[in-house]
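S.K.: Give me coordinates for this.
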Amino acid sequence: MGEHEPTTGSGPEDGAASGPAAGDGLRMAFGTLTALPVPAPTAIDRRVAGTAMTAAPLAGLALAAAAGIVVWVGGLIQLPSFVVAALALATVALTTRGLHLDGLADTADGLSASYDRGRALDIMRRGDAGPTGVATLVLTLLIQTGALAGVVAAGAGVTGIVVALVASRVVLPLCCTRFVPSARPEGLGAAVAGAVPVPVAAAVALTVAALSVLAGFDPAIAWWQGPAAVLAGWCVAGALLGRCVRRLGGITGDVLGACVETALAATLAILSI
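M.R.: Next up is the predicted model:
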C-alpha cells in the first residue's frame, strides 16, 4: 500500500464506527484498496480509518471475485496453469492499481538502503524503485505466480485465490492496532496506526481463520491447508512488520502494502503443497 495522506475530519478518535462514519469507512476501504469507482468519504478521522482497515478483508473478497472469474474462465478454455495464475495476479494488480506492490518495492528499498531511520524513510517516500526493490518485487511475484499455478493445477484455483486474497488483507487491521506506532507524523500510516481496537482486529482474524477451514471442502485441498496457509501468511507478515517497526519506528502505507504482499505469497505457498 503506497503512501497517500488522507483528508482529516472531525469525529471520535477510536472505536467502531456507526452511521455515516461506517459508510465513510467502507468507502475509504474500497476506494483505497481497490480500483472500484466508489464515492469519496465525506471526511476521514481515526474512527473512519479504523473502519476502513477493519473492512479490508471485504475489499479482498471483491478482488477475489474478479480474480476467481479469471481462474474459472482460464480453466474452461484449458489455459496452462502458469498462464492462468499470471492472469489472475495481473487482475489483482490492476484492480488494486498496483498499490501494495508499490509499497513492497519501496519498503525493500528503504530497509536495504541505510541504517539511518530518516534516510530510509526519505528513500521510501521518493517512490522510485531501486535494484533491491525491483528484485524483491520480481521474486515475490514469481513465488505468488508459481504457488498459485500449483494450486490451479491441483484443481483448487478459485478456492485458493479467495482464501489467499481475503486472508492477506486481514493483516491490515492486525497491523493497525495500538501496539504498532506510525513511522511518520503524516501520511496513511499516521491516519491508521492504532485506529483498530484490539478486540475488533482479533475478531476479524478469528472469523477468517475459522472460515478458512471451509477450504477443506474442496477435494483438492487438505483439511489442514486452509488454516495453516492463513496462519503462515500472518506470521510472515508479522515478521516483516516487526522488522519495519525496529528499523523505521513504525508503519507507513508502504509497510502495510509490503505486509499484504508477503502474506499473499506465504498463503499461496502453503496452499500449493
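
S.K.: From residue 270, how far out is residue 191?
M.R.: For residue 191, the distance to residue 270 (CB to CB, to the nearest Å) stands at 32 Å. Yep, even glycine has a C-beta here, placed from its N, CA and C like the rest.

S.K.: In the protein, where is pLDDT below threshold?
M.R.: 1-20 (pLDDT under 70).

S.K.: would you list every one of the strands in it?
M.R.: With DSSP state E as the definition, the chain shows no strands.

S.K.: of residue 191 and residue 270, who's got more company?
M.R.: Using other CB atoms under 10 Å as the criterion, residue 191 and residue 270 rank with residue 191 on top: 25 against 21.

S.K.: Wait, that one touches residue 46, no?
M.R.: Yes: assessed by CB atoms under 8 Å, residue 191 is found in contact with residue 46 at 7.3 Å.

S.K.: Only the buried residues of stretch 217-229, if you could.
M.R.: Buried residues in stretch 217-229, defined by neighbour count with 16 or more other CB atoms under 10 Å: 218, 220-221, 225-229.

S.K.: what about it, start to end distance?
M.R.: 15 Å (CA to CA, to the nearest Å).

S.K.: ok, which stretches of the stretch 1-150 of the chain are helices?
M.R.: 20-33, 46-54, 56-76, 81-95, 99-113, 117-126, 131-153 (DSSP state H, counting those that start in this stretch).

S.K.: Just the buried residues of stretch 217-229: which are in helices?
M.R.: Among those, the ones falling in helices (DSSP state H) are 225-229.

S.K.: Reformat these as TSV; add distance to residue 79.
M.R.: Output for those, formatted as TSV (distance: CB to CB, whole Å):
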residue	distance to residue 79
225	24
226	25
227	30
228	28
229	24
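
S.K.: Identify, from the residues you listed, the entry nearest to residue 85.
M.R.: Nearest to residue 85 among these, counting by CB to CB, is residue 229 at 15.7 Å.
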